[in-house]
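Structure for the following, please:
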Amino acid sequence: MVYRGSVPSRTEPLGARIRRLRRARGLTQRELAEPRYDRGFLAKVESGRRAPSDDVLSHLARRLGLTADELRFDRPPGAAEELTGALETAYRELQQGGLEAAEREFTRVERRAAEYRLPDVQCHARFYLGEVQWQRYDIPLADKGFAHAMELANAASPRLRAMIVNRVAACRALSGDLGASVALVDNALADLRATGASDPDAELALVTASLHPLIEMGALGRARRAAEEGRRVLPSVHRADIAARYHRQAAQLWQEIGLVDRAEKDLSRALRLFTSLGYDRDAARCRWARGFLWRRLGELDEAHAELRLARDLLAKAGSREGVLGATIELADVRRRQGKLDEAAELAEGIRPLLDRSPDIEARTEVLRLLGLIARARGDLPEATALLEEAATAQEKSELRGALVATSLHLGDTLRARGLIEKAAEAYRRGVRAAAMSDFGPTG
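Numbers count the residues shown, from 1 in each chain. As a prediction, this is how the structure comes out:
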């Protein structure tokens, strides 16, 4: 804060603040009070003997060149814009790996916004503090941070409220409660649309949040309808980061239903947008998604190169969650290439991260991967145990798409051991999961 005149106290009474600001502008009491009030009335206000009404405060603020709230809360002109700009600058720093510096700035802005009674800015700062924990892959702490932001959501813009819901839903999904994740987003979308006011940024942020859990539940028809809703909203969206996140998430759906060219186009759009914004972490996540696509297409050398690059970029950006996901895919590529020792080393190397996280999806992916490595090495009992553990967790968490694949691998492993009845039950488990899912291209 820059003031002319004496430096204000944090506990400065309102009357004393009016006197200080009046003197700093070279005004007498009569000049400030007139024409609506007289000098004697202002003297009582400045001494604290008379509390100013809202009308009085508005008059004095106009005469001092301030808004009523700037005068009431000792808020410098343009404070909201300045603090919001500081948040955006710090968020780019977070994306580029400056976690500690960004966290300090978010904390400073949150505190200052509270002092200035700017609940919308304070909410935004709390949201970004949750993002810090998300990047550290501390999902429980991130969830608490987003809940802390939600306490002020009524003062926030629809877009920011939607982004908070987006992240809370992601925390629910990572913790294995896909149904709760989808329900949270559905309710938020219904509330947004019930207002009758159009906010394409908020709507697209919420639609994007629904895609991943729907895909993992095998509800591909619903996911496709949501993605098409997003495409209709997309031309009206103002925020490039929201558009980019939609493109990246929609690409996952197009992969699942076999629209490879569409997936590649969406990933390319997302990568360009994130790069233009200086969002290094999110750009690297696009490369991770592209490596995943190439792995599914059997282009293993290209997938290996892209996933290694993605992992290194995500590590530089300080994204533990991203490093974990890219490493899982990288390990699976090496398994498919016959590099079993390297694949096992990669998978085992990330297990400590999983031990500290509720991320059921990633944990089961690693278990399945280690099971497949054990089977390739000829250790069928170990492969059976790992695949069964993965399937049980996937079934409990409604990860139906993953369960179909794991059940097939488990059935093949049991059959190789001569356990035909158990193999048949594993296959039936996969069939039941597929029957509860929708894997068709049109839904």
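
wait, Arg172 sits on Val165?
No - using C-beta atoms under 8 Å, Arg172 is not in contact with Val165, being 10.4 Å away. C-beta coordinates here come from the backbone N, C-alpha and C atoms, glycine included.

Among the two, which residue is more densely surrounded?
Val165 (24 against 21; other C-beta atoms under 10 Å).

wait, isn't the more buried one in contact with Val185?
Yes - counting by C-beta under 8 Å, Val165 does reach Val185; the two are 6.4 Å apart.

Quick check: buried residues in stretch 186-202?
188-189, 192, 199-202 (16 or more other C-beta atoms under 10 Å).

want to throw the residues you listed into TSV with secondary structure and distance to Arg92?
Formatted as TSV, those follow (DSSP: H, G, I helix; E, B strand; the rest coil; distance: C-beta to C-beta, whole Å):
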residue	secondary structure	distance to Arg92
Ala188	helix	27
Leu189	helix	29
Leu192	helix	27
Asp199	coil	24
Pro200	helix	23
Asp201	helix	19
Ala202	helix	22
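
Could you identify the most distant pair in those residues?
Ala188 and Pro200 (14.8 Å; C-beta to C-beta).

Tell me which stretches of the stretch 151-300 of the chain form helices.
158-174, 178-194, 200-216, 220-233, 240-256, 260-277, 280-296, 300-316 (DSSP state H, counting those that start in this stretch).

Next, the angle helix 178-194 makes with the third one.
Taking axes from the mean of the first three to the mean of the last three C-alpha atoms, to 10 degrees, one finds that helix 200-216 is oriented at 160 degrees with respect to helix 178-194.

C-alpha coordinates for helix 200-216, PDB please?
Output in PDB follows, covering the C-alpha atoms of helix 200-216 (Å, rounded to 0.1, in the frame of the first residue of the first chain):
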ATOM      1  CA  PRO A 200     -20.200 -20.500 -20.800                       C
ATOM      2  CA  ASP A 201     -16.900 -20.600 -18.900                       C
ATOM      3  CA  ALA A 202     -18.600 -22.000 -15.800                       C
ATOM      4  CA  GLU A 203     -20.600 -24.500 -17.900                       C
ATOM      5  CA  LEU A 204     -17.600 -25.800 -19.800                       C
ATOM      6  CA  ALA A 205     -15.600 -26.100 -16.600                       C
ATOM      7  CA  LEU A 206     -18.300 -28.300 -15.100                       C
ATOM      8  CA  VAL A 207     -18.900 -30.400 -18.300                       C
ATOM      9  CA  THR A 208     -15.100 -31.000 -18.400                       C
ATOM     10  CA  ALA A 209     -15.200 -32.200 -14.800                       C
ATOM     11  CA  SER A 210     -17.800 -34.900 -15.600                       C
ATOM     12  CA  LEU A 211     -15.800 -36.500 -18.500                       C
ATOM     13  CA  HIS A 212     -13.100 -38.400 -16.700                       C
ATOM     14  CA  PRO A 213     -15.300 -40.100 -14.000                       C
ATOM     15  CA  LEU A 214     -17.900 -41.000 -16.600                       C
ATOM     16  CA  ILE A 215     -15.200 -42.600 -18.800                       C
ATOM     17  CA  GLU A 216     -13.800 -44.600 -15.900                       C
END
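
which strands and helices sit next to it?
helix 158-174, helix 178-194, helix 220-233, helix 240-256, helix 400-416 (3 or more C-beta pairs under 8 Å, 6 or more residues apart in numbering; DSSP states H and E).

one more time with 10 Å
Packing partners of helix 200-216 (3 or more C-beta pairs under 10 Å, 6 or more residues apart in numbering; DSSP states H and E): helix 158-174, helix 178-194, helix 220-233, helix 240-256, helix 360-376, helix 400-416.

got the angle between the second one and helix 360-376?
Counting by the same axes, to 10 degrees, helix 178-194 points 140 degrees away from the direction of helix 360-376.

Report the mean confidence score over helix 178-194.
Average pLDDT, helix 178-194: 93.

list the contacts for the most centrally placed residue in the chain?
Closest residue to the average C-alpha location of the chain: Arg167 at 4.2 Å, with C-alpha atoms, centre = their mean. Counting by C-beta atoms under 10 Å, 6 or more residues apart in numbering, Arg167 touches 127, 130-131, 134, 142-143, 145-146, 149-150, 205, 209.

can you pull the alpha-carbon coordinates of stretch 82-98 into PDB?
Provided in PDB are the C-alpha atoms of stretch 82-98 (Å, rounded to 0.1, in the frame of the first residue of the first chain):
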ATOM      1  CA  GLU A  82      -3.800  -5.700  -8.300                       C
ATOM      2  CA  LEU A  83      -4.300  -8.800  -6.100                       C
ATOM      3  CA  THR A  84      -6.100 -10.700  -8.900                       C
ATOM      4  CA  GLY A  85      -3.200 -10.000 -11.200                       C
ATOM      5  CA  ALA A  86      -0.700 -11.200  -8.500                       C
ATOM      6  CA  LEU A  87      -2.700 -14.400  -8.200                       C
ATOM      7  CA  GLU A  88      -2.500 -15.100 -12.000                       C
ATOM      8  CA  THR A  89       1.200 -14.300 -12.100                       C
ATOM      9  CA  ALA A  90       1.900 -16.700  -9.100                       C
ATOM     10  CA  TYR A  91      -0.300 -19.400 -10.800                       C
ATOM     11  CA  ARG A  92       1.900 -19.300 -13.800                       C
ATOM     12  CA  GLU A  93       4.900 -19.600 -11.500                       C
ATOM     13  CA  LEU A  94       3.200 -22.600  -9.900                       C
ATOM     14  CA  GLN A  95       2.800 -24.200 -13.300                       C
ATOM     15  CA  GLN A  96       6.500 -23.800 -14.000                       C
ATOM     16  CA  GLY A  97       7.600 -25.500 -10.800                       C
ATOM     17  CA  GLY A  98       7.800 -22.500  -8.300                       C
END
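
Now find how far off-centre it is within its chain.
15 Å (C-alpha atoms, centre = their mean, to the nearest Å).

just checking, Lys339 touches Ala331?
Yes - using C-beta atoms under 10 Å, Lys339 is in contact with Ala331, at 9.3 Å.
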